[in-house]
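# Make a model of this:
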Amino acid sequence: MIQIVADTTCGIPLAQLQARGIFVLPQIITFGDKSYRDDIELDTNAFLKKLTAAKSLPGTAAPPPAMYTPIYQQILDAGDSALVITPSEKVSGTYRSALVAAEEFHSERIHVLDSGTIAGGLGSLVLLAKQWALDGMEIETLKRQLIAMAAREKVYFVVDTLEYLYKGGRIGGAARLVGSVLQIKPILTVQNGQVEPFDKVRTQKQALAAIMEIDLSICKDNPDAHLTISHCAAEEKAHRLKTHLEKELGISNIPVFVVPPAIVVHAGPGVITTSCFSAPE
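As a prediction, this is how the structure comes out:
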């Protein structure tokens with residue numbers, strides 16, 4: 001059996017992942033000299049309260065290799081294989097931590113896959129991987145399927161300010177927008193594993209309208225779209241987006257997730273993001 005190992009950057013609620021038998025590791029959030037796991041010690045609401053009171057931006061760290069070790073051991077002892085699906089190596093050290101831990105076992109039954117994405121799209125890949133594993137898909141086929149699907153992901157998001165991305169060092173090619181931020185509201189995307197600008201509009205309302213039209217064009221008559229919406233401290237706007245997209249697409253099951261703390265550190269409160277997958281050619 002193939003066991004799926006994920007982490008909190010996939011954005012799927014912890015209880016939902018555990019109910020499906022998916023192993024989940026936390027990201028580490030640091031405020032000054034104190035560190036917190038973002039699975040059982042610090043949820044998004046508690047994080048936002050600390051962020052408001054903090055004098056400087058908190059930091060993040062990937063789960064250390066030692067956190068992977070007992071999970072790998074448990075999976076191998078059961079005679080199973082492990083498939084670790086991590087966020088993009090360009091925005092997180094999680095991929096490296098998972099690899100370092102795997103090297104201790106010298107086992108061909110531990111596989112670590114860089115998804116090249118994060119948040120909603122990563123969550124979709126994790127859930128699909130679990131289903132494919134339950135369906136009996138062979139490991140190499142499963143990995144090829146995930147890589148092919150990740151290449152078709154279309155993710156768009158809007159932030160209240162570029163400050164968090166800039167100060168957190170996760171701004172990627174969108175750095176060239178800094179300085180003009182007062183005059184524009186950039187629509188951002190993820191390309192080749194890092195943040196890049198997609199378009200520029202004047203207001204957040206225009207940005208969300210543009211994202212909605214893009215999503216409609218991708219998801220219309222596309223049963224493999226796996227559209228998701230994620231947000232932090234923007235619940236009303238996210239649900240308005242959900243309602244409109246569901247009406248236009250004729251569906252009623254678009255999931256809305258809360259962005260986990262490790263992503264909010266870099267995107268900031270107020271972020272709204274959508275992820276979907278174009279139809280295979």
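# From now on I want contacts and neighbour counts done on CA atoms only, so please keep to that.
OK.
# Met1: what's it in contact with?
Applying C-alpha atoms under 8 Å, 6 or more residues apart in numbering to Met1 gives the contacts 79-81, 133-134, 136.
# Buried ones among those?
81, 133 (16 or more other C-alpha atoms under 10 Å).
# Shouldn't Leu48 be within a helix?
Yes. Under DSSP: H, G, I helix; E, B strand; the rest coil, Leu48 falls within a helix.
# so who does it touch?
Neighbouring residues of Leu48 by C-alpha under 8 Å, 6+ apart: Pro269.
# Ok, Thr273 next?
155-158, 229-231 are the contacts of Thr273 under C-alpha under 8 Å, 6+ apart.
# Kindly recompute the last result at 10 Å.
Applying C-alpha atoms under 10 Å, 6 or more residues apart in numbering, we find Thr273 in contact with 119-120, 155-159, 187-189, 208, 211, 228-232, 238, 256-257, 259.
# So which of the residues you listed are in strands?
155-158, 187-189, 228-231, 256-257 (DSSP state E).
# Output the below-cut-off pLDDT ranges for this protein.
Along the chain, the parts satisfying pLDDT under 70 run over 162-183.
# how about the strands of it, start to end?
Secondary structure of the chain, counting by DSSP E: strands at 2-7, 23-25, 28-31, 34-37, 59-61, 81-86, 110-114, 153-158, 185-191, 194-201, 228-231, 256-258, 272-277.
# Any chance of TSV for those, columns distance to Leu216?
As requested, the strands of the chain are exported to TSV (distance: least, C-alpha to C-alpha, whole Å):
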stretch	distance to Leu216
strand 2-7	29
strand 23-25	32
strand 28-31	35
strand 34-37	36
strand 59-61	34
strand 81-86	28
strand 110-114	28
strand 153-158	12
strand 185-191	16
strand 194-201	17
strand 228-231	12
strand 256-258	16
strand 272-277	10
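# who wins for proximity to Tyr68 among those?
Distance to Tyr68, taken as C-alpha to C-alpha, is lowest for strand 23-25 among these, at 7.8 Å.
# The closest one packs against which elements?
strand 2-7, helix 14-19, helix 65-77, strand 81-86 (3 or more C-alpha pairs under 10 Å, 6 or more residues apart in numbering; DSSP states H and E).
# Go through the third one and flag the buried ones.
Along helix 65-77, the positions that meet the burial threshold by neighbour count (16+ other C-alpha under 10 Å) are 65, 68-69, 71-72, 75-76.
# residues making contact with that helix?
1-5, 23-26, 78-84, 94-105, 107, 109-110.
# Quick one, which of those are buried?
Among the contacts of helix 65-77, those classed as buried by 16+ other C-alpha under 10 Å are 2-5, 23-26, 81-84, 94-102, 109-110.
# which residue ends up closest to the midpoint of this protein in space?
By C-alpha atoms, centre = their mean, the chain has its centre lying nearest to Ala119, at 1.4 Å.
# tell me the contacts of that residue?
Applying C-alpha under 10 Å, 6+ apart to Ala119 gives the contacts 8-12, 87, 155, 228-231, 257-260, 263, 273-275.
# Which parts of the stretch 151-281 of the chain are helices?
Taking DSSP state H, counting those that start in this stretch as the test, the helices found in the stretch 151-281 of the chain are 163-167, 204-219, 235-249, 261-267.
# Which one of these lies nearest to Gly59?
Closest to Gly59 of these, according to C-alpha to C-alpha: helix 261-267, at 7.2 Å.
# Which parts of this protein belong to which domain?
Recorded structural domains for the chain (assignment: automatic domain parsing) are 2-27+62-150, 153-277.
# got the ones you listed as JSON lines, with distance to Asp39 columns?
Shown next, in JSON lines, are the domains of the chain (distance: least, C-alpha to C-alpha, whole Å):
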{"stretch": "domain 2-27+62-150", "distance to Asp39": "5"}
{"stretch": "domain 153-277", "distance to Asp39": "9"}
